[in-house]
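**Q** just the structure for this:
(chains A and B)
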Amino acid sequence: MTAPLIRIDAVERIFGGGRTLFGRMKPGVHAVQNVSLDIYPGETLGIVGESGCGKSTLARILIGLDAPTGGTVRFKGEDIAAITRKDFNRVARRIQYVFQDPVSSLNPRKTVRAILEAPLKRLRGLGRREREARLNELLDAVNLRTEFLERYPHEFSGGQAQRIAIARALAAGPDLIVLDEPVSALDVSVQAQVLNLLEDLKGRFGLTYVFISHDLSVVESVSDRVAVMYFGRIAEIGPSRSIFADPHHHYTRLLLDTAPAPGRPLHAPGTEGDLPDPYDPPKGCAFAARCPAADELCRSERPGLDAAVANEGHSAACFHPPGKAAAGRHSRNEKT
Amino acid sequence: MSGVISTRRASDRPDAVRLMLNNRLATGGLVVLVAMVTLALLTPLLPLHDPNATSPADRLMRPLSEGHLLGTDALGRDIFSRLVWGLRVTLAVGLSATLIAAFVGSAVGLVAGYAGGRTDNVLMRGIDMLMAFPYILLALAIVAVLGPGLINALYAIAVVNIPFFARNIRGVTLGLARRDFVDAARLSGKSHARILSTEILPNVAPVIVVTMSTTVGWMILETAGLSFLGLGAQPPQADLGSMLGDGRRVLFNAPHVALIPGIAIFLLVMSINLFGDGVRDVLDPRLKSGALTRPIGRTAIDRSATDAPIAKSGNVLDVSGLKAQFDVGSRTLHAVDGVDLSLAPGETLGIVGESGSGKSVTAMAIMGLVPTPPGRIAGGAIQLNGEDLLAATDERIRQLRGGAVSHVFQDPLSTLHPLFTVGDQIVEAIRAHQPLNHRKARERARELLALVRIPNAQSRLDAYPHELSGGMRQRVVIAMALANDAGLLIADEPTTALDVTVQAQILTLINRLRRDKGASILFITHDFGVVSAICDRVAVMYAGRIVETGTTAQILNDPAHPYTRKLIDCVPVLGKPDRRLDAIEGLPPPADDLPDGCAFAPRCPYARPDCRKDDVPLFDLGDERGARCLFPLAGHAS
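**A** Have a look, this model is predicted:
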């Protein structure tokens, strides 16, 4: 296998914590815990999970906007946290980010030209003439007309604004773009336009994507590999096809079963329940309280990501992975 | 400033200057202020007496005396001359102090709000210390240290007013610094200093101007105050405050000496304050967006345009030809443009569409919940169980809301009041419609929470909304909606903000409640997956109209309208990852500029010239199906 572009090694991020003035421990929340994964050049890695599972925190760590409290993220062998301390822009030239809400990610008082020129000037150091040429290329790449350059963000629809945000990320000439729920704020008809555009850009510019979403069907349609996160940890990781056809974690199974799809009857989870209290995390598997297969082992001991290995590169943190029998229910995928 | 504002909204909103001139008081203030400033600027050119030339022989002359328009003071100096020269000094000192305070205070506020953490703490505690002293005491102390004199008084007043700016600007910056565009600017390679000056400052600038306009009058007053105490302008220099101070000594035998500078100060400060209020009203984004104008309790109805109610149908809800419009500036947005709906007892009707299609406005219009201004119902008829809702009194509508008809909205956190326990809120909902005492109502609230499957219902009654998860909150809202056995439940994207596993639970709950209680549900969503889970029939909306109706199975398996087909095909489906998404090119038409003919024609791959000519009616395709299309897809020839 080729060398990974990014190697995330045992990353942990605790918010709060530390001690008070009088030495008492302050409560801390583990937003991300012991996450290890590799991102290979040219792939799209999907990260799925529900709100509060730590996927956005992980994304911010990837681009250096946040630093891990433990573990390292290496880009081509170099520690990102160490680089950003010295020179933030070195990371920004290689890794870019697209935000969920296009409207709030564009400064309302800046024209599109000013927004797109910033990375060309600050990161690429281009002169006036070269910038003008690049601006036209960028707008062309995201299918926007050049007269939009002098307009302000509020004059654009959500889909157009998101394309401007994508053009800004491309302007830095990155290897990797982290897409944090890039289509969740968009209408469905526009969603498809943006997803298709992302697919085209990836081939054209040789990009690698980290695609974060709560929407399984979107992640399935764009990803080569998928990591499912639950309560700050990776519950399951593997090739997209393998995960969606044969999930080895009960949480992935639950997500697949409850995702609404046209022409499919409603499937409600048998056990109800909420996420565990982040200030008082359970000792064993975080999903045990909602899991139909949980037993004493699950509640007392935390399964590692190697607890269930389905095949090459597909593994799940589950002591009792749902078997093929259970997966049979999933054959609807072929039927529909 | 007005340049920034007017370029932003030049097209569809009255520009800043016009807004300003509409405010009569502010305009009056502006006129007086301009007159005084002009006078002060022209002073050196005017044929005036030397303001400092004493002439003991002419002391204390009355106003309108010969050669001295406003008389003379105790040293025989011409009061008019001293007044305009003094006005010059007072204005210069007041404005410079304002500029200095604005500059330093805004810089402190920007840095504190942007940096946060320890920097913020240190800077703001310093500001707090400044604020802890009474301002006049602080100014006195500063002047005492630096010595009396106009320049020192200026510094003192500037320092005293720094906290106003620092605190205001910090608050605004704090909100802006956490916005995505600041992170985006970081990733564009901008340094912190550049982000502050080019990203945040332009957004904060209106607040700085507003703060300046409201404090400058105050600062002029303080300048005059210090001079009055003899700490500002030193004799013989004239300034309004020192003139007032001089006049005090001869107040009883020559009141005009004190009265005239007093009136001048009053006029100056009053005009500045009136003008400043006008500037604030124009620039304050909250006032501008109309957020502070409260909409009235019920949507306005154009009674002349509404239709006579239709004959009784046995349906829970009948809507026919409903039109709802928004008047924004000179434009009229046709949000809902002739919608027909009917809902049978126990039925769930899904309204599907994208944002701006008019689906929410349709739902809100039923109980008159569209905010007025700017919205109004411009035509059609709405009947609930045969009762004409558009003709009903406001009191009757109030009874029906939350009684026979209840609503569930998208975001439960903004629907629930943050300061009351969920128990209290449910009890309030019950007692608004039923004559129950508090204990019985509370008992009923507990039953309702149990009904929506909230574990430990008894103890959850005393929970505040923020203590519950998103799914639990939405259950509470549903419990409130069920409190009075509503026959019609209007649910506007009730699960869109929730995670999929929670969404499945809530949908199951709504489905079960419908079966048990026999209520009809109007379910608004953009997601065909959700539609197929819960709806019996579907109405697809586009550009304010229903473009297709039919049963859920018919619409999903065999859509007749190209828009429906496209809308289904552009969404990825679980289990079919390899399908290239069939995006709909282009954008929906703006609601104030709908095209002739079919509104979808510009985006439709099958559009023919006929589609762009006349309005397309909703063709009956039999089997309770209808499609607003001249050339429906294969198998639906009309």
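**Q** what ranges do the helices span in the stretch 151-300 of chain B?
**A** B:180-187, B:192-194, B:201-228, B:240-248, B:256-283, B:285-288 (DSSP state H, counting those that start in this stretch).
**Q** swap in the stretch 401-550 of chain B?
**A** Using DSSP H, counting those that start in this stretch, helices in the stretch 401-550 of chain B cover B:412-415, B:422-431, B:438-451, B:457-460, B:470-482, B:500-517, B:528-534.
**Q** and these: which comes nearest B:Val111?
**A** helix B:412-415 (32.5 Å; CB to CB). Where C-beta positions appear, they are placed from N, C-alpha and C, glycine not excepted.
**Q** check contacts around the closest residue to chain A within the stretch 51-200 of chain B.
**A** Using CB to the nearest CB, the closest approach of the stretch 51-200 of chain B to chain A is made by B:Gly189 at 2.9 Å. B:Gly189 sits next to A:Asn89, A:Ala92, A:Arg93, A:Ala118, A:Pro119, A:Lys121, A:Arg122, A:Leu123, A:Ala172 when contact means CB atoms under 8 Å, 6 or more residues apart in numbering or on different chains.
**Q** could I get the helices of the stretch 401-550 of chain B as CSV with mean pLDDT?
**A** CSV is the format used below for those (pLDDT from 0 to 100):
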stretch, mean pLDDT
helix B:412-415, 81
helix B:422-431, 91
helix B:438-451, 89
helix B:457-460, 85
helix B:470-482, 85
helix B:500-517, 84
helix B:528-534, 89
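**Q** JSON lines for those, including distance to chain A?
**A** Conversion of the helices of the stretch 401-550 of chain B to JSON lines gives the following (distance: least, CB to the nearest CB, whole Å):
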{"stretch": "helix B:412-415", "distance to chain A": "13"}
{"stretch": "helix B:422-431", "distance to chain A": "16"}
{"stretch": "helix B:438-451", "distance to chain A": "13"}
{"stretch": "helix B:457-460", "distance to chain A": "12"}
{"stretch": "helix B:470-482", "distance to chain A": "7"}
{"stretch": "helix B:500-517", "distance to chain A": "4"}
{"stretch": "helix B:528-534", "distance to chain A": "3"}
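**Q** how about the ones you listed in JSON lines, adding mean neighbour count?
**A** Formatted as JSON lines, these follow (neighbours: other CB atoms under 10 Å in any protein chain shown):
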{"stretch": "helix B:412-415", "mean neighbour count": "16"}
{"stretch": "helix B:422-431", "mean neighbour count": "22"}
{"stretch": "helix B:438-451", "mean neighbour count": "18"}
{"stretch": "helix B:457-460", "mean neighbour count": "16"}
{"stretch": "helix B:470-482", "mean neighbour count": "24"}
{"stretch": "helix B:500-517", "mean neighbour count": "19"}
{"stretch": "helix B:528-534", "mean neighbour count": "24"}
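**Q** want to throw these into a markdown table with distance to B:Pro148?
**A** Output for the helices of the stretch 401-550 of chain B, formatted as a markdown table (distance: least, CB to CB, whole Å):
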| stretch | distance to B:Pro148 |
| --- | --- |
| helix B:412-415 | 56 |
| helix B:422-431 | 61 |
| helix B:438-451 | 67 |
| helix B:457-460 | 67 |
| helix B:470-482 | 63 |
| helix B:500-517 | 70 |
| helix B:528-534 | 75 |
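**Q** of all the ones you listed, which one is nearest A:Val228?
**A** Nearest to A:Val228 among the helices of the stretch 401-550 of chain B is helix B:500-517 (12.3 Å), distances taken as CB to CB.
**Q** how far is the closest one from where the chain is centred?
**A** The chain centroid and the centroid of helix B:500-517 are separated by 34 Å under CA atoms, centre = their mean, to the nearest Å.
**Q** likewise for stretch B:254-267?
**A** On CA atoms, centre = their mean, the centre of stretch B:254-267 falls 43 Å from that of its chain.
**Q** and the residue nearest to A:Glu150 when sequence neighbours are not counted, what's its pLDDT?
**A** Of all residues not flanking A:Glu150 in the chain, A:Thr111 sits nearest, at 5.5 Å (CB to CB, 6 or more residues apart in numbering or on different chains). pLDDT for A:Thr111: 92.
**Q** contacts only, for the closest residue to chain B within the stretch 51-200 of chain A.
**A** Proximity of the stretch 51-200 of chain A to chain B (CB to the nearest CB) peaks at A:Arg122, 2.9 Å away. Applying CB under 8 Å, 6+ apart to A:Arg122 gives the contacts A:Asn89, B:Ser188, B:Gly189, B:Lys190.
**Q** among those, who's most crowded?
**A** B:Ser188 (27 neighbours; other CB atoms under 10 Å in any protein chain shown).
**Q** ok, which residues in the stretch 501-638 of chain B are in contact with chain A?
**A** Residues of the stretch 501-638 of chain B lying close to chain A by CB under 8 Å from any CB of the partner chain are B:501-505, B:507-508, B:511, B:526-534, B:556-557, B:566-568, B:570-577, B:579-585, B:587.
**Q** what comes into contact with stretch A:228-237?
**A** A:30-37, A:47-50, A:52-55, A:58, A:225-227, A:243, A:247-249, A:251-252, A:255, A:275-276, A:278, A:281, A:286-287, A:305, A:313-318.
**Q** how about a cut-off of 7 Å?
**A** With CB atoms under 7 Å, 6 or more residues apart in numbering or on different chains as the test, stretch A:228-237 has contacts from A:30-35, A:37, A:47-49, A:53-55, A:227, A:243, A:247-249, A:251-252, A:275-276, A:286-287, A:305, A:315-317.
**Q** what's the end-to-end length of that stretch?
**A** 6 Å (CA to CA, to the nearest Å).
**Q** give me the mean pLDDT for that stretch.
**A** For stretch A:228-237, the per-residue pLDDT averages 92.
**Q** in that stretch, what counts as buried?
**A** A:Val228, A:Met229, A:Tyr230, A:Phe231, A:Gly232, A:Arg233, A:Ile234, A:Ala235, A:Glu236, A:Ile237 (16 or more other CB atoms under 10 Å in any protein chain shown).
**Q** reformat the contacts of A:Arg122 as JSON lines; add pLDDT and distance to B:Val32.
**A** Below are the contacts of A:Arg122 laid out as JSON lines (pLDDT from 0 to 100; distance: CB to CB, whole Å):
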{"residue": "A:Asn89", "pLDDT": "91", "distance to B:Val32": "53"}
{"residue": "B:Ser188", "pLDDT": "92", "distance to B:Val32": "47"}
{"residue": "B:Gly189", "pLDDT": "91", "distance to B:Val32": "50"}
{"residue": "B:Lys190", "pLDDT": "92", "distance to B:Val32": "44"}
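**Q** from the residues you listed, which is closest to B:Asp485?
**A** B:Ser188 (56.3 Å).
**Q** which SSE is B:Ala53 in?
**A** If you go by DSSP states H and E, B:Ala53 is not part of any helix or strand.
**Q** and for it, the neighbour number?
**A** Neighbours around B:Ala53, by other CB under 10 Å: 12.
**Q** ok, it - contacts?
**A** B:Arg77.
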